[in-house]
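1. After the sequence you'll find the predicted model.
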Amino acid sequence: MANLSFFIGICGGTGSGKTFLAGSLVRALGKDKAVCLSQDAYYRDLSHISADERGKINFDHPDALDTGLMVAHLKALGRGETIRMPVYDFNTHTRVGDQKVVIPRRFIFIEGILILSVEAVAACLDYTLFLDVPPDVRFIRRLKRDMAERGRTAEAVADQYLDQVRPMHERFVKPRRQSADFVIPGTYDIRDVLDRILAAAS
């Protein structure tokens, strides 16, 4: 049975503006027609291991994701079923008790650094976007976000970027640029992006 929804993947490196673009597109289409899921909600719950062990996990590697649940939710939405998306706390690396109810819409966006790198997830997508933003811009954005929202020091952010984020980007994220349906530069016209999506869905 064909999907009732049109699935759009928004990929790109850390700090490339995926969440902002997804939100802009949902607002442009209207919440009665579009909804967004974030890869960040589907990190594995690590409540069963110690805080020290959680800190050693490489969250930029596909193994950190609960791929089975993500794919199951995408397929359920495609069948017209409502899902309960996990809520993830990055400060503790655990899922909190609340869940977000997601009602299927005509357009379903899923954004994240690894959504094109995980074959089972990429196979669920009808159209894919890749945000191509310079590394220095992306790092500065990540630095500001992690310090402001996740209580991390500049040194900790830089160490993680060099040890995990950058090498995983080169291995898993950057190569997916060539397979995207549309590569978006650092600056873009939201109307142009929206027109491409509507044309692909027609």
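-> Looks like it arrived, so ask away.

2. Give the lowest-confidence helix or strand of the chain, using mean pLDDT as the measure.
-> Across the helices and strands of the chain, the lowest-confidence element by mean pLDDT, DSSP states H and E is helix 51-54, at a mean of 86.

3. Packing partners of the following helix or strand past it?
-> Remark: after helix 51-54, the chain's next helix or strand is helix 67-78, criterion DSSP states H and E. Taking 3 or more C-beta pairs under 8 Å, 6 or more residues apart in numbering; DSSP states H and E as the contact definition, the neighbouring helices and strands of helix 67-78 are strand 83-89, strand 107-111, helix 119-122. From N, CA and C alone the C-beta is placed, and that goes for glycine too.

4. Can you tell me what sits against stretch 176-188?
-> Among residues not part of stretch 176-188, those counted as contacts by C-beta atoms under 8 Å, 6 or more residues apart in numbering are 11, 21, 116-117, 127-134, 137, 193, 196, 200.

5. Give me the buried subset of these.
-> Buried residues within the contacts of stretch 176-188, counting neighbours by 16 or more other C-beta atoms under 10 Å: Cys11, Leu21, Leu116, Ser117, Tyr127, Thr128, Leu129, Phe130, Leu131, Val133, Val193, Arg196.

6. what about the longest helix in the chain?
-> The helix spanning the most residues in the chain, taking DSSP state H as the definition, is helix 135-149.

7. can you pull the buried residues of that helix?
-> For helix 135-149, using 16+ other C-beta under 10 Å, the buried residues are Arg138, Phe139, Arg141, Arg142, Leu143, Asp146.

8. For the spatially closest residue to Arg176 that is not a sequence neighbour, list the residues it contacts.
-> Computed as C-beta to C-beta, 6 or more residues apart in numbering, the closest residue to Arg176 that is not its neighbour in sequence is Leu116, at 3.9 Å. Under the criterion of C-beta under 8 Å, 6+ apart, the contact partners of Leu116 comprise Gly9, Cys11, Ala122, Leu125, Thr128, Phe130, Val173, Arg176, Ser179, Ala180.

9. Compute the distance between Leu116 and Ala123, please.
-> Leu116 is 10 Å from Ala123, where distance means C-beta to C-beta, to the nearest Å.
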